[in-house]
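*Asks:* everything below, folded, please.
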Amino acid sequence: MPSQIIMEHFHSPALESNPLGDPAVRRVPVYLPAGYDPGLRYPVLYLLSAFASRGLKFLNDDLWEENLPQRLDRLMAAGTVRPMIVVMPDASTRYGGSQYLNSAGTGNYEDHILELVATIDGRYPSLAAAETRAVAGHSSGGFGALQLGMRHPDTFGLVADHSGDKYFELTYPPDFGEVLRYAERGGEASLAELLRDPGTALRNGAPFTVLNILAMAAIYSPNPAAPLGFDLPFDLRSGALQPEVWQRWAAYDPLNCAAQFSDALRSLRLLYFDCGRFDEYNLLYGARQLAEQLRAQDIPHQYHEYDGGHRGVQHRYDVSFAAISAAMPN
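*Replies:* Take a look at the predicted model:
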């Protein structure tokens, strides 16, 4: 029997009444390997998509690139990756993404993923243990994978983070000026208009970087009493940094979380992360710092650098999927 994609329609109580009015029912593709036998038990990999995308994107046809099922079929047929179930969640929001965190500004997406795990374990013959359950992703998906591994090592025992957000000081502030320039046309009102209908605004020329920063503010520094529903880490008129808001962002930086969650990181069967040497968001330098921190704390990990930027790096899944497979118990 060839591999299959099952489309689950997953109702998430955690997303009911979320502040953006986003749907609580999500379409979640589930990959079942070739030769799938419901009488057997399978490891499960949760693959998290990047900002402004959802799990369905992994199924896209591409003229010069394998989609996810094609990649998995090839790797499993070669024996590089053991047969496993792969789940592709949808944690998107009207603003583009959730960072897979609970936030009063966007919704409880960390809880949403944990609910999805319980649902998958109830519907499929999974090996329902942390040592056989992995989480991986690229960009915001890599950030989410690392956060979920740190915060829930009893659920996810294997983590693969491809170019996830790190070292916030070098990742986000380079785009603050874009937000300031955009706000010159109408202050908070122009930002509110963008957030009301991001798709239309982007098609009409709004910079994607502006939406990204606003979305991060909704996640990292929500404030229901503020006009936009969140606090920005800089003043819209002067551009002056707001240290008390920035500290709320920095609390989620993996470089600041690693010490807090060191026991969780040490308990993982696999902690894998990588980054391109020419990453356009400067994520390489945060990745190097994280590797240094982990070495200093004697936390086992695999860290790789490669020639490339932030995009077009699907080939790196060949490496991380193989590492995940090898790290699972026989």
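*Asks:* tell me the domain boundaries of this protein?
*Replies:* Residue ranges for the structural domains of the chain, counted by automatic domain parsing, are given in the record as 4-167+254-327, 169-250.
*Asks:* highest mean neighbour count out of the ones you listed?
*Replies:* Each of those was scored by mean neighbour count; the highest is domain 4-167+254-327, a mean of 19, by mean count of other Cβ atoms under 10 Å. For the C-beta atoms, the positions are set from N, CA and C on the backbone; glycine is no exception.
*Asks:* quick one, strands of the stretch 1-150 of the chain?
*Replies:* For the stretch 1-150 of the chain, the strands defined by DSSP state E, counting those that start in this stretch occupy 4-11, 25-32, 44-48, 85-87, 102-103, 107-108, 133-138.
*Asks:* quick one, the last one and strand 44-48 angle?
*Replies:* Which is strand 133-138. An angle of 20 degrees separates the directions of strand 133-138 and strand 44-48 when computed by axes from the mean of the first three to the mean of the last three Cα atoms, to 10 degrees.
*Asks:* may I have strand 133-138 as PDB, with CA atoms only?
*Replies:* The C-alpha coordinates for strand 133-138 follow below in PDB (Å, rounded to 0.1, in the frame of the first residue of the first chain):
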ATOM      1  CA  ARG A 133       7.300  11.600  19.600                       C
ATOM      2  CA  ALA A 134       9.200  14.400  17.800                       C
ATOM      3  CA  VAL A 135       8.600  18.000  16.900                       C
ATOM      4  CA  ALA A 136      10.400  19.800  14.200                       C
ATOM      5  CA  GLY A 137      10.000  22.900  12.000                       C
ATOM      6  CA  HIS A 138      11.600  25.700  10.100                       C
END
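*Asks:* tell me the average confidence for that strand?
*Replies:* Across strand 133-138, the average pLDDT comes to 98.
*Asks:* show me what that strand is packed up against.
*Replies:* Taking 3 or more Cβ pairs under 8 Å, 6 or more residues apart in numbering; DSSP states H and E as contact, the helices and strands that strand 133-138 lies on are strand 44-48, helix 140-151, strand 158-162, helix 316-327.
*Asks:* and for the second one?
*Replies:* For strand 25-32, the helices and strands in contact under the criterion 3+ Cβ pairs under 8 Å, 6+ apart are strand 4-11, helix 68-77, strand 85-87.
*Asks:* got it, and the first one?
*Replies:* For strand 4-11, the packing partners by 3+ Cβ pairs under 8 Å, 6+ apart come out as strand 25-32, helix 109-123.
*Asks:* as a whole number, average confidence for that strand?
*Replies:* Mean pLDDT, taken over the full extent of strand 4-11, equals 98.
*Asks:* and the angle from it to helix 68-77?
*Replies:* Computed with the same axes, to 10 degrees, the direction of strand 4-11 lies at 130 degrees from that of helix 68-77.
*Asks:* excluding chain neighbours, what is closest to the most centrally placed residue in the chain?
*Replies:* In the chain, the residue lying closest to the centroid (Cα atoms, centre = their mean) is residue 141, at 1.9 Å. If you skip the residues right next to it in sequence, residue 141 has residue 48 as its closest partner in space, 3.4 Å away by Cβ to Cβ, 6 or more residues apart in numbering.
*Asks:* the one you found reaches residue 146, doesn't it?
*Replies:* No - no contact is recorded between residue 48 and residue 146 when judged using Cβ atoms under 8 Å, the distance being 10.1 Å.
*Asks:* give me the three-state assignment for residue 295.
*Replies:* Following DSSP: H, G, I helix; E, B strand; the rest coil, residue 295 is assigned to helix.
*Asks:* returning to what we had before: any idea how far the residue nearest to the centre of the chain lies from residue 160?
*Replies:* For residue 141, the distance to residue 160 under the criterion Cβ to Cβ, to the nearest Å works out to 10 Å.
*Asks:* could you do residue 40 as well?
*Replies:* Residue 40 sits 24 Å away from residue 160, going by Cβ to Cβ.
*Asks:* now do residue 76
*Replies:* 17 Å.
*Asks:* what are the boundaries of the strands in the stretch 151-300 of the chain?
*Replies:* Under DSSP E, counting those that start in this stretch, the stretch 151-300 of the chain gives strands at 158-162, 270-276.
*Asks:* of all these, which lies closest to residue 15?
*Replies:* Taking Cβ to Cβ as the measure, the strands of the stretch 151-300 of the chain were each checked against residue 15, and strand 158-162 came out nearest at 23.6 Å.
*Asks:* what's the angle between that closest one and strand 270-276?
*Replies:* For strand 158-162 against strand 270-276, the angle between stretch directions is 0 degrees (the same axes, to 10 degrees).
*Asks:* kindly format the C-alpha coordinates of strand 158-162 as CSV.
*Replies:* Extracted in CSV, the C-alpha atoms of strand 158-162 (Å, rounded to 0.1, in the frame of the first residue of the first chain):
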residue,chain,number,x,y,z
LEU,A,158,13.0,14.8,20.2
VAL,A,159,13.4,18.3,18.8
ALA,A,160,14.7,19.6,15.4
ASP,A,161,14.9,23.4,14.9
HIS,A,162,15.8,24.7,11.5
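*Asks:* by contact count, what packs against that strand?
*Replies:* In terms of contacts (3+ Cβ pairs under 8 Å, 6+ apart), strand 158-162 is packed against strand 133-138, helix 140-151, strand 270-276, helix 316-327.
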